[in-house]
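Student: Sequence and predicted model, in that order:
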Amino acid sequence: MSDKRGFPRRSFLKTLGSLTAGLAAFPAMASSQVSAPRRPANARYMGGFSAPKLDNVKIAIIGVGARGPTHVEHIAACEGTEIVAICDLYEDLCNFSRGIALRTAPQRHANLKLYFGDPHAYRKMLIETRPDAVWIVTPWEWHAPMAVDAMNAGAHAFVEVPMATSLADLWKIVDTSEQTGRHCMMLENVNYGREELMFLNMCRQHVFGEILHGEAAYIHELRDQMDQLEAGRGSGFWRVHHRAGTNGNLYPTHGLGPVAQYMSLVRQDDNFRRLVSFSSPARNNALYAKQKYKPNSPVNTIDFSGGTDLNTSIIKTLRGRTIMVQWDESTPRPYSRHNLIQGTHGVGAGFPNRLALDYCWNTATPALRKLLQLPESAPDKSSDYHAWIEGGGFDAFYAYFDHPLYKRMEAIGQKYGGHGGMDAIMNFRLIECLREGLPLDQNVYEGAFWSSVAPLSVKSVQADGQPQDFPDFTRGNWKTTQRLEIVS
């Protein structure tokens, strides 16, 4: 028996039955290097894949704790969507998010069903509601099994970062996407930030010249998540354990995703080759726990020595370009994603936003001549690339290089928000692609490569900085995948 999309119901039930009953609570990110197996005969390459149009997208959401309600609000507000189910361990969280959906568009989401109380309730949800797409907003160790189950159920899977925590699980996701013909996209919202989109536009217009180097980071002091561990609920309840027991870069994709798209990695221009990684000693989490919590607190029973305060990794691409990637959730310092892209004509950087460009009158476009205040009377004199263009000078570049997608969806971002609007732009754009049958802006292979930095960094740190090669999740097909152009 098959449904209207041709998915065998019996096959899905058999797949669910074959899965193990439970998952390890906090599996280590390290995994053996996985070589590229031969693509099965019944599978297809998913780079540039366009799924059939969906006039009405039936959507289920798994996980409505910290991030989930934001996704619920955005999806509920999108025309052509119907939220058919919400699933979480906790009934109160399900009811809260159902209220958001019903307040936003009560008629379209009137038949929304709730599933709660069982970690595996989502499997029943997939069988009973048959969604077209599933948003997975759960602890990291659940991302891979839930994405695989969703695709095997005939749904497209959209997974919060990281896509998975081991190379083996990333291969499972890639193989399942290829075998089912279903999208699996990592919900890397930072790729939809205004500055990131503008830098992408500037890269595509060759403003920075030939791209040579990038810098990416997730520097975000999150020690107060220990409060949730004491409460026994919330993202800190599980995330603190990852920080305590994993020595590497736990969260690479927020900074790396945009830089990888600037460089057009995993597409026809270039690809990841290898990585080296080093970590600092682990000090700040234990100090914080001792200073803030009582000696008998569950926080002070955790051994944080197996983690790190700061990890630095260097990626080398096949074309010889370099990317520095840093991760730090433990030290007292301001937030940063670095967001730096360096080329032969200059550099763009974030936190704070700034530019430095090397142009003279004869090499600059009319827009750059005006922005750089180049004198026509001295055509051989270069712009002052020894000083940063910041503040109002940087803001002037928006008029010429704001990304067309951002300009079209700016009002949506301002209305619905989420990290300055990037969440809303991402979700509205994603649903737009599903409804119009367009390729997604991020394919399954990009999510796999970006996420693989975590387990590879762990292996490199364990080996005292020995280089670790990236597996080729595309099996060589990245060479034929067109780069992401400037969509309007």
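Tutor: Right, received. Where do you want to start? Numbers count the residues shown, from 1 in each chain.

Student: which residue ranges form the strands in the chain?
Tutor: For the chain, the strands defined by DSSP state E occupy 57-62, 81-88, 113-116, 133-136, 156-159, 184-186, 211-219, 272-279, 311-317, 322-328, 340-343, 346-349, 354-357, 468-469.

Student: Determine how far the first one lies from the middle of the whole chain.
Tutor: On the basis of Cα atoms, centre = their mean, to the nearest Å, strand 57-62 sits 19 Å off its chain's mean C-alpha point.

Student: Give me the contact list for stretch 344-353.
Tutor: Under the criterion Cβ atoms under 8 Å, 6 or more residues apart in numbering, residues 195, 199, 202, 206-210, 212, 215, 334-341, 354-359, 385, 390, 394 lie in contact with stretch 344-353. Every C-beta, even on glycine, is put in place using the N, C-alpha and C of the backbone.

Student: Give the buried residues for that stretch.
Tutor: His345, Gly346, Val347, Gly348, Ala349, Gly350, Asn353 (16 or more other Cβ atoms under 10 Å).

Student: wait, which of the strands of the chain is closest to Pro295?
Tutor: strand 322-328 (26.9 Å; Cβ to Cβ).

Student: Format the CA atom coordinates belonging to that closest one as PDB.
Tutor: Extracted C-alpha coordinates of strand 322-328, given in PDB (Å, rounded to 0.1, in the frame of the first residue of the first chain):
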ATOM      1  CA  THR A 322      42.200  28.600   4.000                       C
ATOM      2  CA  ILE A 323      39.500  29.100   6.600                       C
ATOM      3  CA  MET A 324      40.100  29.600  10.300                       C
ATOM      4  CA  VAL A 325      37.200  28.400  12.400                       C
ATOM      5  CA  GLN A 326      36.900  29.100  16.200                       C
ATOM      6  CA  TRP A 327      34.500  28.000  18.900                       C
ATOM      7  CA  ASP A 328      34.200  29.300  22.400                       C
END
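
Student: That one packs against which elements?
Tutor: Applying 3 or more Cβ pairs under 8 Å, 6 or more residues apart in numbering; DSSP states H and E, one finds that strand 322-328 contacts strand 211-219, helix 253-262, strand 311-317.

Student: With mean neighbour count, distance to Leu434 and mean pLDDT added, can I get the ones you listed in JSON lines?
Tutor: Below are these laid out as JSON lines (neighbours: other Cβ atoms under 10 Å; distance: least, Cβ to Cβ, whole Å; pLDDT from 0 to 100):
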{"stretch": "strand 211-219", "mean neighbour count": "23", "distance to Leu434": "28", "mean pLDDT": "98"}
{"stretch": "helix 253-262", "mean neighbour count": "27", "distance to Leu434": "20", "mean pLDDT": "98"}
{"stretch": "strand 311-317", "mean neighbour count": "22", "distance to Leu434": "31", "mean pLDDT": "98"}
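
Student: now those as a markdown table including distance to Asn300?
Tutor: Shown next, in a markdown table, are these (distance: least, Cβ to Cβ, whole Å):
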| stretch | distance to Asn300 |
| --- | --- |
| strand 211-219 | 25 |
| helix 253-262 | 30 |
| strand 311-317 | 24 |
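
Student: Any idea which of these gets closest to Arg108?
Tutor: Within the helices and strands packed on strand 322-328, the stretch nearest Arg108 is helix 253-262; the backing value is 30.9 Å (Cβ to Cβ).

Student: Just the C-alphas of that closest one, formatted as PDB.
Tutor: C-alpha atoms of helix 253-262 as PDB (Å, rounded to 0.1, in the frame of the first residue of the first chain):
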ATOM      1  CA  THR A 253      28.300  26.000  11.200                       C
ATOM      2  CA  HIS A 254      27.100  29.500  12.200                       C
ATOM      3  CA  GLY A 255      30.300  31.100  11.200                       C
ATOM      4  CA  LEU A 256      31.400  28.600   8.600                       C
ATOM      5  CA  GLY A 257      28.200  28.300   6.600                       C
ATOM      6  CA  PRO A 258      28.300  31.900   5.100                       C
ATOM      7  CA  VAL A 259      32.000  31.800   4.500                       C
ATOM      8  CA  ALA A 260      31.700  28.400   2.700                       C
ATOM      9  CA  GLN A 261      29.000  29.900   0.400                       C
ATOM     10  CA  TYR A 262      31.200  33.000  -0.300                       C
END
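
Student: can you give me the angle it makes with strand 211-219?
Tutor: Orientation of helix 253-262 against strand 211-219 (axes from the mean of the first three to the mean of the last three Cα atoms, to 10 degrees) gives an angle of 170 degrees.

Student: So what touches stretch 464-471?
Tutor: Taking Cβ under 8 Å, 6+ apart as the rule, stretch 464-471 contacts 33-36, 167, 171, 271-278, 449, 452, 456-457, 459-460.

Student: repeat that for 7 Å
Tutor: If you take Cβ atoms under 7 Å, 6 or more residues apart in numbering as the criterion, stretch 464-471 is touched by 33-36, 167, 272-278, 449, 452, 456, 459-460.

Student: Ends of that stretch, what's the gap?
Tutor: The straight-line separation of the ends of stretch 464-471 (Cα to Cα, to the nearest Å) is 20 Å.

Student: Check stretch 205-223 too.
Tutor: Stretch 205-223 end-to-end distance (Cα to Cα) = 41 Å.

Student: coming back round to it: including distance to Cys184 and pLDDT, could the buried residues of stretch 344-353 go into CSV?
Tutor: Below are those laid out as CSV (distance: Cβ to Cβ, whole Å; pLDDT from 0 to 100):
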residue, distance to Cys184, pLDDT
His345, 36, 98
Gly346, 36, 98
Val347, 34, 98
Gly348, 30, 98
Ala349, 32, 98
Gly350, 28, 98
Asn353, 32, 98
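
Student: any chance of those in a markdown table, plus distance to Thr365?
Tutor: Below are the buried residues of stretch 344-353 laid out as a markdown table (distance: Cβ to Cβ, whole Å):
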| residue | distance to Thr365 |
| --- | --- |
| His345 | 11 |
| Gly346 | 13 |
| Val347 | 18 |
| Gly348 | 16 |
| Ala349 | 21 |
| Gly350 | 23 |
| Asn353 | 21 |
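
Student: I'd like the distance between Phe199 and Leu340.
Tutor: 9 Å (Cβ to Cβ, to the nearest Å).

Student: neighbour count winner among these two?
Tutor: Phe199 (29 against 22; other Cβ atoms under 10 Å).

Student: Before I go, just wanted to say thanks for your time.
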